[in-house]
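Student: sequence first, then the predicted structure, then my questions.
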Amino acid sequence: MTKSEIILFNTLTRRKEKFVPLKNGEAKIYTCGPTVYDFAHIGNFRTFVFQDLLRRWLEYCGFKVTQVMNITDVDDKTIIGARKRQISLKEYTDYYLKAFFEDIETLNLEKAEFYPRATEHIPEMVSLVKRLMEKGYAYRGEDGSIYYDISKFKNYGKLSKLKIEELKPGARVKVDEYGKEEARDFALWKAWDKDDGEVFWDTEIGKGRPGWHIECSTMAMKYLGETIDIHSGGVDLIFPHHENEIAQSEAATGKEFARYWLHSEHLLVEGKRMAKRYGNFYTLRDLTAKGYDPKAIRYLLLSTHYRQQLNFTFEGLEAAKNAVDRLKTFTRRLLETDGKGCGEEIRRLMTEVQRRFEEAMNDDLNISVALAALFDFVRDVNRLMDENRLSKQEAEMVYSLMMKFDKVLGVVGEFKTEEKLPTEAAELIRKREEARKAKDWVTADKIRAQLREMGVIIEDTPQGVKWRIEKR
RNA sequence: GCCGGGGUGGCCGAACGGUUCAGGCGGCUGCCUGCAGAGCAGCUAUAUGUGGGUUCAACUCCCACCCCCGGCUCCA
């Protein structure tokens, strides 16, 4: 574990706080996941990548992380979607859930320990709703739905810093649409109506389906306990979603629900809010289909501090790709290095970069500063290699360090040194060398182009010709 | 209307009351190279939305204004 401590910005207090987990050395985190009604878009992934970075940083620091990411597979959008396609809710959400898991892998997100689905936790939700009714926090509305009476929860608004009284005149509050007593109350359990079709559960509290917020309270407590260390999601979830989760959970248990609340800012695309009507709405698949490298996308989403709005542009994506290439090229070069050795200097540089990287990340995941430290290091070590002053053994140490950093960043990946060169490529390289010896540059360049077509990249260096296979 | 966040070089993006404005990307020049690639070195004019103020010193603090983004029960 790193000696210095992790500082995180807690939305609850609106200040940076030292992270002290409930249980020494363990971090229990709940990260709000996707509603599986469509392919997730890059805005969603900005948040998921942030949550991944958080998780990886905690692990780097030696914490045993238990992460829960919920899967919302029953709500208005999923029900409507399934109905449009005339398939069951499960069939519909399974499809998008599978796609989500594929996307997670594409973006190199570490797997959470649990991905609970709302529909698989109905009994637990029902019992939480019952508990809230027994304690007098919930009531049944005229329509048969069960609502949470926010006036009963004295701390309502503590996360979003909204005052109940000021919620009322809000322009977007639809009054009297349902059978709630107060427009601001929210549904714990929605009574079945004909638009729900076959989607309902017959339970002790009636025929219907759960409200949105109850799943998170229920599943967080089931897998992580009544008080969790960190809860996170996009800023848009602060209100009402997270506020309501607090109200439900804390009313039921009388205990603090989550100690640290972390929220990531939104992503803009070309300076604008991402929306289908602006034509700037992208899923991960849209981008990979255009040929963009997932590692570059990950880097771009990662490289801006999570509490800063991130402006996603194709120019930026191009830049991200080049930055990732620089790290990759550097790391690969380490494997081929066999110089004289520089002794103390490399140790000093390694100590320095680790110190800077860790200090930056510990400060509320200040990734920009951490990356700056990393790139400084890359430049310094490149210079050592240029001067033939890095030994094989030293290069191996640096390579291990790069892998350690990449365990956090997830953009470089391992290099396989013993990739097989196809025999025909080997033959071409031999021919090209002959041509070069004879200073027949035309033939040499032709063969180089030919190899490139085959996906074999040739580089002439003072140490002889080097090749690598570039998969596409 | 109420409440937040932000405006930094060609682009992205840190920092902070005071050493060179970090780092990345792009462009240019040089070194290396048959060329290319990679790398290194240097350059990219007086950067911090505007106008005031505080201070020996402000991008950093204060005031006003302009603009952008967001929250105020769909939303990552």
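Tutor: Structure received.
Student: against A:Leu237, how distant is A:Lys28?
Tutor: 19 Å (C-beta to C-beta, to the nearest Å). C-betas here are computed from N, CA, C, even on glycine.
Student: ok, A:Ala320 next?
Tutor: Applying C-beta to C-beta, the value for A:Ala320 to A:Leu237 is 26 Å.
Student: what are the phi and psi angles of A:Ala27?
Tutor: Torsion angles at A:Ala27 (phi, psi; degrees, to the nearest 10) stand at phi -130, psi 120.
Student: how about the nearest residue to it, chain neighbours excluded?
Tutor: A:Phe63 (4.3 Å; C-beta to C-beta, 6 or more residues apart in numbering).
Student: isn't that neighbour up against A:Pro21?
Tutor: Yes: counting by C-beta atoms under 8 Å, A:Phe63 does reach A:Pro21; the two are 7.1 Å apart.
Student: anything in contact with each of these two?
Tutor: The contact sets of A:Phe63 and A:Pro21 overlap at A:Ala27 (C-beta atoms under 8 Å, 6 or more residues apart in numbering).
Student: test my guess that A:Gly339 contacts A:Ser391.
Tutor: Yes: at 5.8 Å, A:Gly339 counts as touching A:Ser391 under the criterion of C-beta under 8 Å.
Student: in chain A, which residue sits closest to RNA strand B?
Tutor: The nearest approach of chain A to RNA strand B comes at A:Gly234, 1.6 Å away (C-beta to the nearest atom of the strand).
Student: can you pull the contacts of that residue?
Tutor: A:Cys32, A:Gly43, A:Asn44, A:Arg46, A:Thr47, A:His263, A:Ser264, A:Glu265, A:His266.
Student: in this structure the fifth one contacts A:Gly233, no?
Tutor: Yes: A:Thr47 is within contact range of A:Gly233, at 6.6 Å (criterion: C-beta under 8 Å).
Student: just to revisit the earlier point, just the buried members of the contacts of A:Gly234?
Tutor: Buried members of the contacts of A:Gly234, counted by 16 or more other C-beta atoms under 10 Å: A:Cys32, A:Gly43, A:Asn44, A:Arg46, A:Thr47, A:His263, A:Ser264, A:Glu265.
Student: as TSV, those residues with pLDDT and distance to A:Ile6 would be great.
Tutor: Below are the buried ones among the contacts of A:Gly234 laid out as TSV (pLDDT from 0 to 100; distance: C-beta to C-beta, whole Å):
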residue	pLDDT	distance to A:Ile6
A:Cys32	94	21
A:Gly43	92	26
A:Asn44	93	25
A:Arg46	94	21
A:Thr47	95	19
A:His263	94	17
A:Ser264	93	17
A:Glu265	92	20
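Student: give me the subset of those residues touching RNA strand B.
Tutor: Restricting those to those touching RNA strand B (C-beta under 7 Å from any atom of the strand) yields A:Cys32, A:Gly43, A:Asn44, A:Arg46, A:Thr47, A:Ser264, A:Glu265.
Student: the second one and A:Met274 touch, don't they?
Tutor: Spelled out, that is A:Gly43. Yes: using C-beta under 8 Å, A:Gly43 is in contact with A:Met274, at 5.4 Å.
Student: how many residues are close by the nearest residue to A:Asp406 once chain neighbours are set aside?
Tutor: Distances taken as C-beta to C-beta, 6+ apart put A:Val412 closest to A:Asp406, at 4.3 Å, once the chain neighbours are dropped. The tally of other residues near A:Val412 (other C-beta atoms under 10 Å) stands at 19.
Student: surely A:Val412 is in contact with A:Ala323?
Tutor: No: in this structure, A:Val412 is not within contact of A:Ala323 by C-beta under 8 Å, at 11.1 Å.
Student: just the ones in helices from the ones next to RNA strand B among the buried ones among the contacts of A:Gly234, please.
Tutor: Applying DSSP state H to those, the entries found in helices are A:Gly43, A:Asn44, A:Arg46, A:Thr47.
Student: what's the first one in contact with, if anything?
Tutor: So the one you mean is A:Gly43. A:Gly234, A:His266, A:Leu267, A:Met274.
Student: who's the third one bridged to?
Tutor: When you say that, I think you mean A:Leu267. A:Leu267 has the following beta-bridge partners by DSSP bridges: A:Leu310.
Student: contact partners for it?
Tutor: Neighbours of A:Leu267 in contact, by C-beta under 8 Å, 6+ apart: A:Ile42, A:Gly43, A:Arg46, A:Met274, A:Leu301, A:Gln309, A:Leu310, A:Asn311, A:Phe312.
Student: name the nearest residue to the third one, sequence neighbours excluded.
Tutor: By the measure of C-beta to C-beta, 6+ apart, the closest residue to A:Arg46 outside its immediate chain neighbours is A:Leu267, 4.4 Å from it.
Student: next up, the contacts around A:Cys32.
Tutor: Each residue near A:Cys32 by C-beta under 8 Å, 6+ apart is listed here: A:Thr47, A:Met69, A:Asn70, A:Cys216, A:His231, A:Ser232, A:Gly233, A:Gly234, A:Leu237, A:His241.
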